[in-house]
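Chemist: Provided below for reference: sequence and predicted model.
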Amino acid sequence: MTEGADVTAYHPQDLAADEGLPSHQGVHAHHAAGLASMVRSRLKRPPPPLPRADAALLKAACAIMLAGALAMGMALYLTTRHDENEPVAQPARIGTIALMVPQNLTGAEADDSSRLVGMVRLRLDWPSLGPAQPQNRQRLLVTLSPQDKVNEPQTQLSVYARFLTPTVWSNPGGLVVRGFRKGSPYEGDELYVSVPDGRGFAARCPLDNARPDLDEPCRVTFRHRGMDVNIRFPRAIIADWELMLGGVRHTIDGMMR
């Protein structure tokens with residue numbers, strides 16, 4: 001060192017003394033201020049980006065969760081929709097035969113939960129054989145009842161035969177037509193029968209324009225599954241008699257329990 005030069009050593013204690021603080025308190029305050037500044041600078045830094053693998057895993061997890069939520073929502077929607085569209089069924093009994101009859105085929109009110117006993121009436125749309133539509137005038141009125149001997153095919157034909165005229169003519173659908181004599185109980189009607197003997201189909205229809213007040217003037221009765229089935233139907237569809245009988249039989253089969 002050079003003689004005569006004033007050499008002064010700096011110590012934190014001297015700063016504390018200059019600020020009028022005890023030496024140990026000044027040192028602690030200086031360190032605290034530095035630490036706070038470091039924390040603030042680190043908080044201001046943006047978070048480091050995720051590694052590529054972690055980012056892909058996160059996206060896949062989100063996609064799986066979203067797909068699961070969509071699938072659950074769709075399942076709930078379809079279940080609710082199915083329940084809403086499922087027709088209410090009414091229990092029915094005709095003799096010893098038990099049925100579950102879709103309420104929308106009976107024309108009953110939606111809140112009618114009564115039990116059908118002894119007889120069942122159906123109103124079927126033609127040609128769909130679903131619930132009758134108000135705007136469609138072509139429908140089938142079907143009555144299911146216990147068996148009665150008077151409705152046996154052979155009995156019906158033998159009764160009709162006593163009052164038929166000898167004239168026979170053909171009709172579309174492979175049917176033949178016979179008229180009834182004047183003064184007979186069936187005057188004004190015609191008998192449509194299947195060949196060769198009418199056992200497959202025998203329906204009575206009024207002459208053209210004889211019953212303009214009825215949308216279903218024709219009637220046929222046959223046996224199926226231990227019941228008598230009576231159908232009233234429009235004359236215009238008589239040529240489709242095989243489809244009609246087959247469709248009604250299929251509808252009844254679906255109600256058997």
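Modeler: Alright, I've got the coordinates.
Chemist: what is the rounded mean pLDDT of stretch 122-139?
Modeler: Stretch 122-139 comes out with an average pLDDT of 93.
Chemist: Report the buried residues of that stretch.
Modeler: By neighbour count with 16 or more other C-beta atoms under 10 Å, stretch 122-139 contains the buried residues Leu122, Arg123, Leu124, Asp125, Trp126, Leu129, Pro131, Ala132, Arg139. Backbone N, C-alpha and C define where each C-beta goes, glycine included.
Chemist: Dump those residues into JSON lines; add secondary structure and distance to Thr155 as well.
Modeler: Shown next, in JSON lines, are the buried residues of stretch 122-139 (DSSP: H, G, I helix; E, B strand; the rest coil; distance: C-beta to C-beta, whole Å):
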{"residue": "Leu122", "secondary structure": "strand", "distance to Thr155": "24"}
{"residue": "Arg123", "secondary structure": "strand", "distance to Thr155": "28"}
{"residue": "Leu124", "secondary structure": "strand", "distance to Thr155": "26"}
{"residue": "Asp125", "secondary structure": "strand", "distance to Thr155": "31"}
{"residue": "Trp126", "secondary structure": "coil", "distance to Thr155": "28"}
{"residue": "Leu129", "secondary structure": "coil", "distance to Thr155": "28"}
{"residue": "Pro131", "secondary structure": "strand", "distance to Thr155": "33"}
{"residue": "Ala132", "secondary structure": "coil", "distance to Thr155": "31"}
{"residue": "Arg139", "secondary structure": "strand", "distance to Thr155": "28"}
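Chemist: between the residues you listed, which is nearest Asp240?
Modeler: Relative to Asp240, the closest of the buried residues of stretch 122-139 is Trp126; by C-beta to C-beta it sits at 8.6 Å.
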